[in-house]
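Undergrad: My questions are about this predicted structure, shown below with the sequence.
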Amino acid sequence: MTGGLDALAARRPEVELAPPIEALDLAGFAAHGFTSVPRITSDAELGWLGEVYDLLFRERIAAVPGGYFDLARPYESEGPDLLPQILMPEARVPALRETAFWRNTRALAARLLGAEPEALHGWAHMILKPAGVGAPLPWHQDEAYWDPRFDYVALGSWMPLDPATPESGCLRFIPGSQRGPVREHHHVGENPEVHALETRDVDAARAVEVPLAPGGASFHHCRTLHGSGPNRSARVRRAFAIEWQLAPVRRAAPEPRPWVDAGRRAWEARRPR
Ligand code: NI
């Protein structure tokens, strides 16, 4: 049914919508490591993005090799989806990069990082929390997933396609945590075949939840501690994230991140369906 996907991709609505620079809280981002804007794209584009999103998940399309898996259980294990993720959907649907969503998050990310938009590299992922069962995403820093031979200037942008509320599993952040180092992480269940990473000893009482309406967007520094709860609501919670970064710079000496090495070995041993 990928012909259906191509036909859908060709129906992308043209959306002229300036990035809401004036809504951006630069000081709040610098102080707390996260911020949000109420709206990043139009209803028409949101509708089209939702159709693309639903088709990709319905057909479990891996846009890059192995790029469809459940974050919350071992790769290729049997069972209903708890927290399915699609990596780099733009590799299969390049039109995603032509959207106001993509353009505007890049413009805001550049402003927050003090960079030129053209200097930022972006790659996306889609994370779906099924209604009623969607698994929690434990506390982590995004940089903990990355190659420790490099230094990063990076942030994540995150847009829900459904209401993101405390009940449906909106993101939550620990203010100021972006100033700390990359913490020690481990794979959920101490199993490197589970993609999701987790860090211990987080003071969850300090967490700030950031509810968003569909089409709103939050931005978090690559070291900001964040996670989300399960989806206890009666509807799916679809989210579309883009990671934005300048070209990584090689460090003089890599930090040890044994969980990255273990995760890479588990990934390379996969036999994706
Ligand atoms: Ni994250």
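TA: Sure, I can see it.
Undergrad: hey, let's count contacts and neighbours off CA atoms from now on
TA: Fine.
Undergrad: and the residue lying closest to residue 212 once chain neighbours are set aside, what does it touch?
TA: Closest residue to residue 212 apart from its sequence neighbours, by CA to CA, 6 or more residues apart in numbering: residue 164 at 5.1 Å. By CA atoms under 8 Å, 6 or more residues apart in numbering, residue 164 lies in contact with 170, 171, 211, 212, 213, 214, 237.
Undergrad: One more pass at 7 Å, please.
TA: With contact set as CA atoms under 7 Å, 6 or more residues apart in numbering, residue 164 has these partners: 170, 211, 212, 213, 237.
Undergrad: From residue 209, how far out is it?
TA: Noted for residue 164: a distance of 10 Å to residue 209, by CA to CA, to the nearest Å.
Undergrad: Find the residues that touch each one of those two.
TA: With CA under 7 Å, 6+ apart, residue 164 and residue 209 have common neighbours residue 170.
Undergrad: pretty sure residue 47 is in a helix, no?
TA: Yes. Judged by DSSP: H, G, I helix; E, B strand; the rest coil, residue 47 forms part of a helix.
Undergrad: Is residue 193 in contact with residue 265, as I believe?
TA: No. Counting by CA atoms under 7 Å, residue 193 stays clear of residue 265, with 8.9 Å between them.
Undergrad: Compare these two (neighbour count), which wins?
TA: Taking other CA atoms under 10 Å, residue 193 and residue 265 do not tie; residue 193 has more neighbours (24 against 13).
Undergrad: measure residue 152 to residue 59 for me?
TA: Residue 152 is 34 Å from residue 59, by CA to CA.
Undergrad: which one of these two has more residues nearby?
TA: With neighbours defined as other CA under 10 Å, residue 152 and residue 59 compare such that residue 152 has more, 18 against 10.
Undergrad: quick one: pLDDT of that one?
TA: Here the pLDDT value assigned to residue 152 is 96.
Undergrad: For the nearest residue to it once chain neighbours are set aside, grab the count of nearby residues.
TA: In space, and not counting its chain neighbours, residue 152 is closest to residue 248: 5.1 Å by CA to CA, 6+ apart. For residue 248, the neighbour count with other CA under 10 Å is 13.
Undergrad: top of the contacts of residue 164 by neighbour count?
TA: residue 237 (26 neighbours).
Undergrad: what's residue 192 in contact with, if anything?
TA: Taking CA under 7 Å, 6+ apart as the test, what residue 192 contacts is 262, 263, 266.
Undergrad: would TSV of those residues with neighbour count and secondary structure be doable?
TA: As requested, the contacts of residue 192 are exported to TSV (neighbours: other CA atoms under 10 Å; DSSP: H, G, I helix; E, B strand; the rest coil):
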residue	neighbour count	secondary structure
262	15	helix
263	21	helix
266	17	helix
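Undergrad: Rebuild those residues as TSV, extending it with pLDDT.
TA: Converted to TSV, the contacts of residue 192 look like this (pLDDT from 0 to 100):
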residue	pLDDT
262	97
263	96
266	96
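Undergrad: Can you tell me which of those is closest to residue 37?
TA: residue 263 (33.6 Å; CA to CA).
Undergrad: What separation is there between the residue lying closest to the closest one once chain neighbours are set aside and residue 57?
TA: For residue 263, ignoring the flanking residues on the chain, the nearest one in space by CA to CA, 6+ apart is residue 192 at 5.0 Å. Going from residue 192 to residue 57 by CA to CA gives 24 Å.
Undergrad: What of residue 126?
TA: Distance from residue 126 to residue 57, by CA to CA: 9 Å.
Undergrad: So between these two, which is more surrounded?
TA: residue 126 (22 against 17).
Undergrad: isn't the more buried one right next to residue 83, touching?
TA: No. Using CA under 7 Å, residue 126 is not in contact with residue 83, being 10.2 Å away.
Undergrad: Please identify the helix or strand for the residue positioned nearest the centre of the chain.
TA: Nearest residue to the geometric centre of the chain (CA atoms, centre = their mean): residue 241, 3.5 Å. For residue 241, the host element (DSSP states H and E) is strand 237-245.
Undergrad: Listing partners with orientation, what would you give for the next helix or strand along the chain from that strand?
TA: As assigned by DSSP H and E, the chain's next helix or strand after strand 237-245 is strand 249-250. Strands that pair with strand 249-250, judged by DSSP bridges, come out as strand 150-151 (antiparallel).
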